[in-house]
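**Q** missing the sequence, but the structure's below:
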Ligand code: ATP
């Protein structure tokens, strides 16, 4: 049975793990009322024709590529490993990346025991590496004209060198603390990953396409709002251009008069980039005060 049998858009998300809260949070911010009951495989969305399928991250690419789910949220790392694997076995590996999402950022890196002296990529040639991602690692090896031996592990990869299973590892890293705690050092980043919204190949039926057409602008709006800030401040009137030039990614500011002040104005604007403390300090140095930086919940248009 493919998901095209129904009029409800079926989206696969991770049931529990690093991407699950963010994936559900994104959809809730898009206005979905998700009916979540523990241990259920499918969660119905009460106010939209959408069902969420709660599964393991590693099952999501296959479910989407095989048409069991229309869409899925999965890390680029899992997606690409799965696509490479399917290409080798001749299975369908086609999908469409609808949007990159701004969570789940990590990198796939090769790490070696701290005491090993690292002398560049060529010194990795012939090593035995423990990894959950042999295909991505193999692609890196071919591109650099080296060969690895693999030890495929689906968890606790970082203990492999200590117990004598491998010379090093190739695993996902975000802060590096797990590597450090296991006496390992990161020597090569082979892949950068983020969560992505994917769709199977081919068109959706008209009803599902209509649901996607409603959902997609909302997702984009949530993502944009997350990176944006609403900024309000008071500034000297004669330094307006300098003040506006300091705002990262700002759109046309609103300039408002201040009661009983001819020399100062209030400025309101949306900044679409990260707003740093350093910028606030520079604004203060230009004579601005009452600087407020506020989160935005939703954005459209
Ligand atoms: P499954 O749901 O199949 O058990 P998993 O074991 O990969 O998947 P998680 O450890 O929750 O589950 O990771 C899910 C995804 O989160 C990863 O594939 C990756 O895209 C992303 N991620 C972000 N930061 C990290 C990190 N530090 N370590 C591992 N994954 C990370």
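**A** Everything's here; your move. Because the structure is a prediction, the values reported are computed rather than measured. Residues are numbered from 1 along each chain as shown.
**Q** what's stretch 91-101 in contact with?
**A** Residues outside stretch 91-101 that contact it (C-beta atoms under 8 Å, 6 or more residues apart in numbering): 22, 26, 61, 64-66, 71, 73, 79, 82-84, 86-87, 194-201, 216, 219-220, 223. The C-beta positions use only the backbone N, C-alpha and C, and glycine is treated the same way.
**Q** Can you tell me which of those residues are buried?
**A** 22, 26, 61, 64-65, 71, 73, 79, 82-84, 86, 195-200, 219, 223 (16 or more other C-beta atoms under 10 Å).
**Q** residue boundaries of the strands in the stretch 101-250 of the chain?
**A** Under the criterion DSSP state E, counting those that start in this stretch, strands of the stretch 101-250 of the chain are mapped to 106-113, 128-131, 149-152, 168-173, 184-193, 195-200, 229-236.
**Q** Residue 89: what's it in contact with?
**A** Residue 89 makes no contacts at all, as judged by C-beta under 8 Å, 6+ apart.
**Q** Kindly provide the distance from it to residue 175.
**A** Distance, residue 89 to residue 175, by C-beta to C-beta, to the nearest Å: 35 Å.
**Q** low-scoring stretches of the chain, by residue?
**A** Scanning the chain for pLDDT under 70 picks out 1-5, 38-39, 249-251.
**Q** Next to the ligand, which bits of it? Give me the list.
**A** For the chain, the contact set with the ligand under C-beta under 6 Å from any ligand atom comprises 14, 17-19, 56-58, 75, 77-78, 104, 106, 172, 174, 193.
**Q** re the thing from before, filter the contacts of stretch 91-101 down to the ones in helices?
**A** Using DSSP state H, the subset of the contacts of stretch 91-101 located in helices is 22, 26, 61, 64-65, 79, 82-84, 86-87, 216, 219-220, 223.
**Q** quick check, nearest of these to residue 41?
**A** Set against residue 41, the nearest of the ones in helices among the contacts of stretch 91-101 by C-beta to C-beta is residue 64 (15.7 Å).
**Q** if I pick that closest one, what's in contact with it?
**A** 12, 70, 71, 72, 74, 95, 198, 199, 200.
**Q** Please report how far the nearest residue to it once chain neighbours are set aside lies from the ligand.
**A** Spatially, and ignoring its direct neighbours in sequence, residue 64 is nearest to residue 72 (4.3 Å; C-beta to C-beta, 6 or more residues apart in numbering). Using C-beta to the nearest ligand atom, to the nearest Å, residue 72 is found at 12 Å from the ligand.
**Q** Pretty sure residue 72 sits against residue 14.
**A** No: between residue 72 and residue 14 there is no contact, the gap being 9.3 Å when judged by C-beta atoms under 8 Å.
**Q** So between these two, which is more surrounded?
**A** Neighbour totals were compared for residue 72 and residue 14, and residue 72 leads with 31 against 26 (other C-beta atoms under 10 Å).
**Q** For the closest residue to the ligand within the chain, give me its contacts.
**A** In the chain, the residue that lies nearest the ligand is residue 75 (2.1 Å; C-beta to the nearest ligand atom). With contact taken as C-beta under 8 Å, 6+ apart, residue 75 is in contact with 19, 57, 104, 106, 193, 194, 195, 196.
**Q** what's across from it in the sheet?
**A** Beta bridges link residue 75 to residue 195 when assigned by DSSP bridges.
**Q** Ok, residue 169 next?
**A** Beta-bridge partners of residue 169, as defined by DSSP bridges: residue 111, residue 130.
**Q** And for it, the neighbour number?
**A** Using other C-beta under 10 Å, residue 169 has 28 other residues around it.
**Q** how much space between it and residue 192?
**A** Using C-beta to C-beta, residue 169 is found at 18 Å from residue 192.
**Q** And residue 261, by the same measure?
**A** From residue 261 across to residue 192, the span is 49 Å (C-beta to C-beta).
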